[in-house]
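A.B. asks: need a structure here:
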Amino acid sequence: MQSPNHLISTRHHHHTDIQSRITMARIAVIATLFATLLLITAVSAIYDNSKQAKCRKQIKRLKLTHCEQYLIDREMVALLRRQLLMVNQEEEEELKPCCDEMEKLGSKCRCMGLEQIVRQLRERGEMQGEEVEDMEDSARHLPSDCDLEPKTCKF
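C.D. replies: All right, here's what the predicted structure looks like:
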């Protein structure tokens, strides 16, 4: 016959073994969740990169010259308005070809294309200071001016 101390020791060992298995199961679940999170993050990054690559190809193909010219002209007109209080009647005529480009570019790539135009103009030094800020604001709202989505860009 087994001693009572031996039975208590066996029960304690069995209880400890169950707790150990529960702890290991929890660790396995946490590790699986973490691995799943990493996988989702990686897939999301790959998707974002491929989406941006598609946008860059579209932007390169379309060149967005009409939109670039429109933004330059619009800023120059705004500058003249501030200095000479003049109004430009040609603005609407210049907007249409730009809107056509924006429509061809597609809603997911519009803001990236406009941001690229602003960055290039800034890098070339064609506009500085307040002119750049005004042009950026015009570029952000250009989809709305063209009645396209998204209405405003964030960059």
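A.B. asks: From the chain's centroid, how far away is the helix or strand containing residue 21?
C.D. replies: Assigned by DSSP states H and E, residue 21 belongs to helix 4-62. Distance of helix 4-62 from the chain centroid (C-alpha atoms, centre = their mean, to the nearest Å) equals 27 Å.
A.B. asks: ok, now stretch 121-133?
C.D. replies: Offset of stretch 121-133 from its chain centre (C-alpha atoms, centre = their mean): 23 Å.
A.B. asks: What mean pLDDT does that stretch get?
C.D. replies: Here stretch 121-133 scores 85 as its mean pLDDT.
A.B. asks: and the end-to-end length of that stretch?
C.D. replies: The first and final residues of stretch 121-133 sit 12 Å from each other (C-alpha to C-alpha, to the nearest Å).
A.B. asks: model confidence over the helix holding residue 21, on average?
C.D. replies: 78.
A.B. asks: For that helix, enumerate the helices and strands it packs against.
C.D. replies: Helix 4-62 makes packing contacts with helix 91-105, helix 110-123 when contacts are defined by 3 or more C-beta pairs under 8 Å, 6 or more residues apart in numbering; DSSP states H and E. C-beta: built from backbone N, CA, C; applies to glycine.
A.B. asks: Pull out the buried positions in the first one.
C.D. replies: By 16 or more other C-beta atoms under 10 Å, the buried positions in helix 91-105 come out as 94, 95, 98, 99, 101, 102, 105.
A.B. asks: now the residues you listed as a markdown table including pLDDT?
C.D. replies: Converted to a markdown table, those look like this (pLDDT from 0 to 100):
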| residue | pLDDT |
| --- | --- |
| 94 | 80 |
| 95 | 89 |
| 98 | 94 |
| 99 | 94 |
| 101 | 94 |
| 102 | 94 |
| 105 | 92 |
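A.B. asks: Go through these and say which is closest to residue 147.
C.D. replies: For the buried residues of helix 91-105, the minimum distance to residue 147 (C-beta to C-beta) is 7.7 Å, reached by residue 99.
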